[in-house]
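Peer 1: For reference, the sequence and a predicted model appear below.
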Amino acid sequence: MPEREHASSAIHGCIFLIALTVILAALVLLMIPKLPAYSAEEIPVIFEIVTMKYTNTGSWKYENKLIVKNSGTIAYDNRKLSAITYRNGERLPCKIPYINFQYYIDNKPLGIQRIGGMGTDDSSWVPEATIFIDYSQGTFRPGDTIRFEVYDKETNKIISSDTYPDKEKTREEKMMEKYLSRLGA
């Protein structure tokens, strides 16, 4: 057959490939479940770290007392709250199974000497009430970044997270923490 009687050309081929690519991309997007969009919604700071008290006992061994306040507007049943502490981004093995003082005595966690304060009495941690957590000697040193997370024991969901010293995170740090952390997986 002569050259001009062929039904294809380079222009028609390019248009066909572009159309095919667009159609395939649309099909793939329809088949993928809704992707999580980055949102500015963060875990609220209901239980706020007021301060960390360091007492140098010599030989770089510090006594550590973390003071945490219920800065929310409602009272929480402290028997249904647990807490996890992080030092410089690493989870510490001293998980607090109960914020309630009586339950704490029965289930004293490793790495914590004692807890107390108005938020651990009775069965509720009322707004503006504080608790203290006396960690084992040498757990924290000045300059460490501390993150304190409180969980609802019934749903096993995080209800509050605060960092001390308070440092404003960049958008990239927030996204990395939210989507690439072990909790987000």
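Peer 2: Happy to help now that I have it. This structure is a prediction, so every number in the text was calculated from the model and none was measured. Numbering: from 1, shown residues only.
Peer 1: For this protein, which element, helix or strand, carries the lowest mean pLDDT?
Peer 2: helix 171-179 (a mean of 62; mean pLDDT, DSSP states H and E).
Peer 1: Partner strands of the strand or helix carrying Ser161 and their direction?
Peer 2: Element membership for Ser161, per DSSP states H and E: strand 157-164. With DSSP bridges as the test, strand 157-164 is paired with strand 146-152 (antiparallel).
Peer 1: for the strand it pairs with, which positions count as buried?
Peer 2: Buried residues in strand 146-152, counting neighbours by 16 or more other CB atoms under 10 Å, are found at 146-151. Placement of C-beta: from N, CA and C, glycine included.
Peer 1: now those residues as CSV including pLDDT and distance to Ile23?
Peer 2: What follows is those, written out as CSV (pLDDT from 0 to 100; distance: CB to CB, whole Å):
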residue, pLDDT, distance to Ile23
Ile146, 93, 53
Arg147, 94, 47
Phe148, 94, 51
Glu149, 95, 46
Val150, 95, 49
Tyr151, 95, 47
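Peer 1: Show me which pair in these is furthest apart.
Peer 2: Ile146 and Tyr151 (16.7 Å; CB to CB).
Peer 1: gap between the residue nearest in space to the middle of the chain and Cys14?
Peer 2: In the chain, the centroid-proximal residue (CA atoms, centre = their mean) is Ser161; its distance is 6.1 Å. Using CB to CB, to the nearest Å, Ser161 is found at 53 Å from Cys14.
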